[in-house]
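> got a sequence here, can you model it:
(one chain, ligands or ions: 1)
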Amino acid sequence: MEPLRTDEVTTHLVSRSVRLSAPPVTASLAAVHRPRTVWTAPDEPTVVGGGAAVTVESDGPARLTRAREAATSLFDDADIDGPSVGRPRFFGGFAFHEAATGRNPWGDFPAARFVVPEVQLVFDGDDAWLTVTAVGDAPEAVEHRLAEVRETLTDLPDAPPQGPPGVSERHRTTSVDAWRDSVEVAVSHILAGELRKVVLAQALEVELDRPASVPDLLARLGDTYPECHRFLVEPETGASFLGATPERLVSLRGREVETGALAGTTGRGDTDDEDEWLADELLASEKDNHEHELVAETIREQLDPFSADIRVGDRGIRKLATVQHLWTPIDATLERDEHVLSLVNALHPTPAVGGLPPAAALDVIRDTEPFDRGWYAAPVGWFDADGDGSFAVAIRSAIVDDTLATLFAGVGLVADSDPDAEWDEVQLKYRPILDELERDD
Ligand SMILES: C=C(O[C@@H]1C=C(C(=O)O)C=C[C@H]1O)C(=O)O
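Prediction:
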């Protein structure tokens, strides 16, 4: 289906929902058609989407505004019948930079794309809400389709786990020497006072022994990283983008905003004592606290024009299976109603993945990184007709195409960053995805 452009969205959206006994999540994802969506946030029900009732794409500096306008006019005269939990939503996201290059492996990922799934499953304990949405169809046709899809999902057997595909070859975009040079250049910009922080990333291409099963990969990431946002963005054709990210960009419900600063990293210890020692060292590290403070301060400043009240929690440690981070929860109450995309627009990229000042940092990233970030480190998530929504920062992620997976990982650089320590941190941040691709034997 051709994506709709802002000025074309005049057709009628019809959506119907029904409750059913929850089918297995992995099998449901395997059963629905591309383009597929998965969204699992720690405090939200899991959503699996298949097919596209509507697709909105946009490009350039106004891409978020244009996506919002297209969605708003579509929802304006929509015929939606069902409970709030099953309401149709737009799922998707943006490229890290304003314009998409279309360079490999991002050929099927434009600068912004959102999809209302034709088939949407929201998992709610033992039950699930199935919603079927169409644009331009009669309500009876949508109800008929709902009954049909419900039938295919009833008594759906669980898919047997396939296990990791195995990795046969690895190719780095950045050699150790090139990395040292890049870090030196970045640090020299910082010492010259042009920058306060910049996040540089690397990409790792891995050749797989067999095609990765996306539903399987997401299920395994869910087992290891239950506290992370897990996502899948899979266009109609080509590669699939997925990840398990610890970083929430922003969520908005009514006027209540939740976000946070996540920056400053160390590994996990082999023993409890070592783990605590590493956490204490991170909490006491001047360099990591500085790196973190820049993120927290900037998020606060970016939210300020929207907010009646901002609450910054205590800085603590966020422990994940492979790493631990400094983390500060930040909540706000808005002064007036806003669309979540306006907050995404204000916050992205935070200095946790871009740098400070943002424009200068983006220039250094563009000039230095020898690969296209595509949607890595960019906002992915959803929004609804009320402008509520939830977005994560797409790190700990990979784009997977048959037997080729490209993984991304980055680190925040400040004046006293050491290239070799930062190199090790990048390798640590590949682990969440790499561990699920490699076989143990
Ligand atoms: C950029 C990444 O992670 C970000 C950078 C961090 C850091 O520099 O300490 C920590 C968490 C994330 O905000 C990544 O994982 O790719």
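> contact residues of this protein facing the ligand?
Within the chain, the positions adjacent to the ligand are 199, 201, 247, 262-265, 325, 352-353, 377, 395-396, 409-412, 429 by C-beta under 6 Å from any ligand atom. From N, CA and C alone the C-beta is placed, and that goes for glycine too.
> swap the cut-off to 5 Å and go again
Within the chain, the positions adjacent to the ligand are 262-265, 352-353, 395, 409-412, 429 by C-beta under 5 Å from any ligand atom.
> out of those residues, who's the most crowded?
Of all the residues of the chain next to the ligand, the highest neighbour tally under other C-beta atoms under 10 Å goes to A352, namely 29 neighbours.
> gap between that residue and T174?
Using C-beta to C-beta, to the nearest Å, A352 is found at 20 Å from T174.
> what of A359?
Distance of A359 to T174, computed by C-beta to C-beta: 23 Å.
> for S17, same thing?
47 Å.
> go on, W129?
Separation of W129 from T174 (C-beta to C-beta) stands at 45 Å.
> cool, E69 as well?
Distance of E69 to T174, given as C-beta to C-beta: 39 Å.
> repeat for H339
37 Å.
> hang on, the earlier thing: of E69 and T174, who's got more company?
Higher neighbour count among E69 and T174: T174, with 21 against 18, using other C-beta under 10 Å.
> pretty sure that one is touching Q202, no?
Yes: the criterion here is C-beta atoms under 8 Å, and T174 meets it with Q202 at 4.6 Å.
> which parts of the stretch 1-150 of the chain are helices?
Ranges of helices within the stretch 1-150 of the chain are 25-31, 63-76, 139-153, based on DSSP state H, counting those that start in this stretch.
> run through who's touching the first one.
Just to be clear, that refers to helix 25-31. Helix 25-31 is contacted from outside by 23, 36, 38, 46, 48, 50, 121, 123, 128, 152-153, 156-159, 161, 213-216, 218-219, 232, using C-beta atoms under 8 Å, 6 or more residues apart in numbering.
> residues contacting the residue most central in space within the chain?
By C-alpha atoms, centre = their mean, the chain has its centre lying nearest to A394, at 3.2 Å. Counting by C-beta under 8 Å, 6+ apart, A394 touches 93, 231, 241, 243, 245, 375-380.
> how far away is V185 from the ligand?
18 Å (C-beta to the nearest ligand atom, to the nearest Å).
> in stretch 220-235, what's buried?
Buried residues in stretch 220-235, defined by neighbour count with 16 or more other C-beta atoms under 10 Å: 220-222, 225, 228-235.
> ok and the residue in the stretch 151-300 of the chain nearest the ligand?
Closest residue of the stretch 151-300 of the chain to the ligand, C-beta to the nearest ligand atom: T265 (3.6 Å).
> surely that residue forms part of a strand?
Yes: counting by DSSP: H, G, I helix; E, B strand; the rest coil, T265 is part of a strand.
> quick check: beta-bridge partners of it?
Note on T265: beta-bridge partners H325, judged by DSSP bridges.
> am I right that it is in contact with L320?
No: here T265 does not reach L320: they are 10.0 Å apart, not a contact under C-beta under 8 Å.
> just the pLDDT for P3.
At P3, the model reports a pLDDT of 55.
> swap that for D440, please
For D440, the pLDDT comes out at 80.
> could you measure from it over to G166?
Using C-beta to C-beta, we find D440 at a distance of 10 Å from G166.
> kindly report the same for R230.
According to C-beta to C-beta, R230 and G166 sit 22 Å apart.
> picking up where we left off before, looking at D440 and G166, which one has more neighbours?
Each of D440 and G166 has its neighbours counted (other C-beta under 10 Å); G166 has more, 16 against 7.
> how about the backbone phi and psi for the nearest residue to that one once chain neighbours are set aside?
Leaving out its chain neighbours, the residue that sits closest to G166 by C-beta to C-beta, 6 or more residues apart in numbering is D209, at 3.6 Å. Here is the backbone geometry of D209 (degrees, to the nearest 10): phi -70, psi -30.
> burial measure for D209, as a count.
Residues near D209, counting by other C-beta under 10 Å: 15.
> again with P45
16.
> isn't N289 up against T328?
No: contact between N289 and T328 fails when scored by C-beta under 8 Å: they sit 10.6 Å apart.
> of the two, give the one with the bigger neighbour count.
Remark: of N289 and T328, T328 carries more neighbours, 22 against 17, as counted by other C-beta under 10 Å.
> which regions of the chain lie under the pLDDT threshold?
Along the chain, segments meeting pLDDT under 70 span 1-11, 441.
> domain boundaries for it, per the record?
Domain assignment for the chain by automatic domain parsing gives 6-153, 168-207+248-437.
> ok now the longest one, how far from the chain's centre?
Relative to the centre of its chain, domain 168-207+248-437 is centred 12 Å away, using C-alpha atoms, centre = their mean, to the nearest Å.
> quick one: end-to-end length of that domain, please.
With C-alpha to C-alpha, to the nearest Å as the measure, domain 168-207+248-437 spans 10 Å from end to end.
> who's in contact with the residue nearest to R315 when sequence neighbours are not counted?
The shortest distance from R315 to any residue other than its chain neighbours is 4.8 Å, reached at T328 (C-beta to C-beta, 6+ apart). Listed by C-beta under 8 Å, 6+ apart, the contact set of T328 reads 260-261, 292, 296, 312-316.
> any idea how far T328 lies from the ligand?
T328 sits 12 Å away from the ligand when distances are taken as C-beta to the nearest ligand atom.
> report the backbone C-alpha coordinates of the helix or strand hosting W277 in CSV.
Here W277 is covered by helix 272-284, with elements defined by DSSP states H and E. C-alpha atoms of helix 272-284 as CSV (Å, rounded to 0.1, in the frame of the first residue of the first chain):
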residue,chain,number,x,y,z
ASP,A,272,27.6,-9.7,44.4
ASP,A,273,30.5,-7.9,46.0
GLU,A,274,32.2,-7.1,42.7
ASP,A,275,28.8,-5.9,41.3
GLU,A,276,28.3,-3.6,44.3
TRP,A,277,31.9,-2.3,44.0
LEU,A,278,31.3,-1.5,40.3
ALA,A,279,28.0,0.3,41.1
ASP,A,280,29.7,2.3,43.9
GLU,A,281,32.6,3.2,41.6
LEU,A,282,30.1,4.4,39.0
LEU,A,283,28.1,6.5,41.5
ALA,A,284,31.4,8.1,42.7
